[in-house]
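1. The sequence and its predicted three-dimensional model are supplied below.
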Amino acid sequence: MERSEIKPFIAKRVAKELHDGDVVNLGIGLPTMVPDYLDPSVKITLQSENGFIGLAAVDPENPDADYIVNAGGQPAGIEKDGMFFDSATSFSIIRGGHVDATVLGSLQVDEKGNIANWIIPGKMVPGMGGAMDLVVGARKVIVAMEHTQKGAPKILKECTLPLTAKNQVNMIVTEMGVMDVTPEGIVLKEYNPEFTVEDIQAATEAKLIIADDLKPMI
Amino acid sequence: MAKTKVISAKEAATLVKDGMTVMIGGFMTNGTAESIVKEVAAAGPKDLTVICNDAGFQGVGTGRLLSNGQIKKLIASHVGLNKECGQKFSAGELDLVLQPQGTLAEQVRAAGAGLGGFLTPTGLGTTVADGKEIVTVDGQDYVLEKPLKADVAIVQGFIADESGNIRYKGSTRNFNPLMASAADTVIVEVEKIVPAGEIGPDYVETPHIYVDYLVLKEEA
């Protein structure tokens, strides 16, 4: 797979996990590509943790356009049925279980569903922003990321970086496959036919459980 | 009917003194009262503890005070978009406390609401919970987080009436109404001030009883 194809490929597969009517929070980067691949019959509501539901593209016709940014601080718009609120309300929505799914990237994920995506000690001190609340509060946590970091596994037996949260990841989607995190471990349930199951295991530190009904991703 | 005093951004800046704890509303400077922050940077009070969602951008929003070396301690949730913040932290020039964004918002809300803290599942099993009390309720563990209050809150609204009732616009609301409830002195920068009653009691978002001073936004 060409490098430029990887992110759209992952985003397209993640889109199938979202259902009509879902309230969804998308992390920055790859996850923001997911809505482009939704089936037209599926309408979702995007939550923006800086304080609104109904996140949309910038609408130059909206006289208030200059007052709206997304959770990355970039200009954004709001749907007609959207609503602005303060940050405490925003995180009441998130922690209170009112967000059906969050899709986010990660540095590391492990077989216990632990996730580490906010700090590389000694290198990067960006802060966790809303990520810790999101992974704890969203009903389904989908990690959408490249399978390895320059060949080094990111799906591990145990995360080595400081955690964002414990036991919260439900699903991992990469260019190699789709995995569910279960109490027994990580179950590979779909694979990209460009790779063999052996290839996928070799790129994964955690021992994969192969689903009985393993299917191709596409 | 109470009228809230209208002062200039420059006068507002004199309310921030050395060593104070200051809340600054806004999210990546969206909703940050830039006229006031600019004057605080010019006035130069130092050793400030600043509570803000982020570090703004380099030289903008909270980033102005950071560039100036006026901040001793920053309590925030995300500082990655201002590389000067990381540099100052690495150089040991800044005490940085990073809190999950929802926890930070709720800490401010709790202070304004007179609560002794709250229990959240966020941060369990992470370094955020280090040194904090874990409380078990009905078999579920929570982190006890304490309230955060300030001497001064610098808030951005959109419109105020002359009594000090405030409305916000767009996503600029974020931490602003929470901070307006959680500081001894609350200064709100707005784009216009209308006669009392014009906003209408159903539409006021921050009640005038929280607001001490209004500042009309000055052109950049």
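-> Nice, thanks for sending it over.
2. Which residue of chain B lies farthest from its centroid?
-> What lies farthest from the middle of chain B is residue B:139; by CA atoms, centre = their mean that is 34.6 Å.
3. Same check on chain A?
-> Max radial position in chain A (CA atoms, centre = their mean) goes to residue A:63, at 31.8 Å.
4. how near is the nearest residue to residue B:4 once chain neighbours are set aside to residue B:23?
-> Here the nearest residue to residue B:4 in space, its sequence neighbours aside, is residue B:164; by CB to CB, 6 or more residues apart in numbering or on different chains that works out to 3.3 Å. Any C-beta I mention is one placed from the backbone N, CA and C, and that applies to glycine too. According to CB to CB, to the nearest Å, residue B:164 stands 17 Å off from residue B:23.
5. Going along the chain, name the helices of chain A.
-> With DSSP state H, the ranges of helices along chain A come out as A:3-15, A:87-95, A:131-137, A:197-202.
6. residues in contact with the first one?
-> Read that as helix A:3-15. A:1, A:30-31, A:33-39, A:42, A:103, A:142, A:144-146, A:173-175, A:178, A:190, A:192, A:217-218 (CB atoms under 8 Å, 6 or more residues apart in numbering or on different chains).
7. what comes up buried for it?
-> A:6, A:7, A:9, A:10, A:11, A:12, A:13, A:14, A:15 (16 or more other CB atoms under 10 Å in any protein chain shown).
8. now that helix, how far from the chain's geometric center?
-> On the basis of CA atoms, centre = their mean, to the nearest Å, helix A:3-15 sits 12 Å off its chain's mean C-alpha point.
9. What's the mean pLDDT across that helix?
-> The average pLDDT for helix A:3-15 rounds to 96.
10. again with the second one
-> Helix A:87-95 comes out with an average pLDDT of 98.
11. Residue B:197: neighbour count?
-> 12 (other CB atoms under 10 Å in any protein chain shown).
12. secondary structure class for it?
-> coil (DSSP: H, G, I helix; E, B strand; the rest coil).
13. that older thread, wait, which of the buried residues of helix A:3-15 is closest to chain B?
-> Each of those was scored against chain B by CB to the nearest CB, and residue A:7 proved nearest at 20.6 Å.
14. which ones are touching residue B:74?
-> Here residue B:74 is in contact with B:49, B:50, B:52, B:55, B:62, B:66, B:85, B:94, B:95, B:96, B:97 (CB under 8 Å, 6+ apart).
15. ugh, wrong one, I meant residue B:17
-> Here residue B:17 is in contact with B:45, B:151 (CB under 8 Å, 6+ apart).
16. Residue 137: what's it in contact with?
-> Chain wasn't specified; assuming chain A. Contacts for residue A:137 (CB under 8 Å, 6+ apart) come out as A:91, A:94, A:95, A:96, A:97, A:99, B:102, B:121, B:122.
17. I was thinking of chain B, sorry if that wasn't clear
-> residue B:119.
18. State the distance from it to chain A.
-> 14 Å (CB to the nearest CB, to the nearest Å).
19. again with residue B:209
-> 17 Å.
20. Could you give the number of residues near residue 47?
-> I went with chain A, as the question did not name one. Neighbours of residue A:47 using other CB under 10 Å come to 27.
21. that's the wrong chain, I wanted chain B
-> So residue B:47, with other CB under 10 Å, has 13 neighbours.
22. That one: what's it in contact with?
-> Per CB under 8 Å, 6+ apart, neighbours of residue B:47: B:18, B:19, B:70, B:72.
23. Report the two of the residues you listed separated the most.
-> B:19 and B:70 (10.9 Å; CB to CB).
24. Need phi/psi at residue B:204.
-> phi -70, psi 140 (degrees, to the nearest 10).
25. Give the closest residue to it in space, chain neighbours not counted.
-> residue B:165 (4.2 Å).
26. which residues touch residue 97?
-> Just so you know, I chose chain A. Contacts of residue A:97 by CB under 8 Å, 6+ apart are A:137, A:139.
27. please go with chain B instead
-> Per CB under 8 Å, 6+ apart, neighbours of residue B:97: B:73, B:74, B:75, B:76.
28. helices and strands around the helix or strand of chain B with the lowest mean pLDDT, which ones?
-> Ranked by mean pLDDT, DSSP states H and E, the weakest helix or strand in chain B is helix B:83-90, scoring a mean of 92. With contacts defined as 3 or more CB pairs under 8 Å, 6 or more residues apart in numbering or on different chains; DSSP states H and E, helix B:83-90 has these neighbours: helix B:62-67.
29. what does the helix it packs on contact?
-> B:24, B:26, B:29, B:32, B:37-38, B:40-41, B:48, B:50, B:52, B:54-59, B:71, B:74, B:76, B:82, B:84-85, B:88, B:94.
30. Any idea how far the following helix or strand past it is from the middle of the chain?
-> Counting by DSSP states H and E, the next helix or strand C-terminal to helix B:62-67 is strand B:71-76. Distance, stretch centre to chain centre, for strand B:71-76: 12 Å (CA atoms, centre = their mean).
31. Stretch A:136-150 now?
-> With CA atoms, centre = their mean, you get 5 Å for stretch A:136-150.
32. Name the residues of it that are buried.
-> A:136, A:137, A:138, A:140, A:141, A:142, A:143, A:144, A:145, A:146, A:147, A:148.
33. With stretch B:82-98 instead?
-> Neighbour-count burial for stretch B:82-98 [16+ other CB under 10 Å]: B:82, B:84, B:85, B:86, B:88, B:89, B:94, B:96, B:98.
34. same deal with stretch A:94-113?
-> Neighbour-count burial for stretch A:94-113 [16+ other CB under 10 Å]: A:94-95, A:99-113.
35. near chain B too, which of those?
-> A:94, A:95 (CB under 8 Å from any CB of the partner chain).
36. and the closest residue to residue A:90 other than its chain neighbours, how far is that from residue A:213?
-> Closest residue to residue A:90 apart from its sequence neighbours, by CB to CB, 6+ apart: residue A:51 at 4.9 Å. Counting by CB to CB, the gap from residue A:51 to residue A:213 is 42 Å.
37. These two: which is more packed in?
-> residue A:51 (31 against 7).
38. Backbone dihedrals for that one, both of them.
-> The phi/psi pair for residue A:51 (degrees, to the nearest 10) is phi 130, psi 40.
39. ok, the residue farthest from the centre of chain A to chain B distance?
-> Taken as CB to the nearest CB, the span from residue A:63 to chain B is 10 Å.
40. With respect to chain A, which of the contacts of residue B:74 is nearest?
-> Looking across the contacts of residue B:74 and measuring by CB to the nearest CB, the closest to chain A is residue B:96, at 7.1 Å.
41. Am I right that the closest one is in contact with residue B:76?
-> Yes - assessed by CB atoms under 8 Å, residue B:96 is found in contact with residue B:76 at 7.4 Å.
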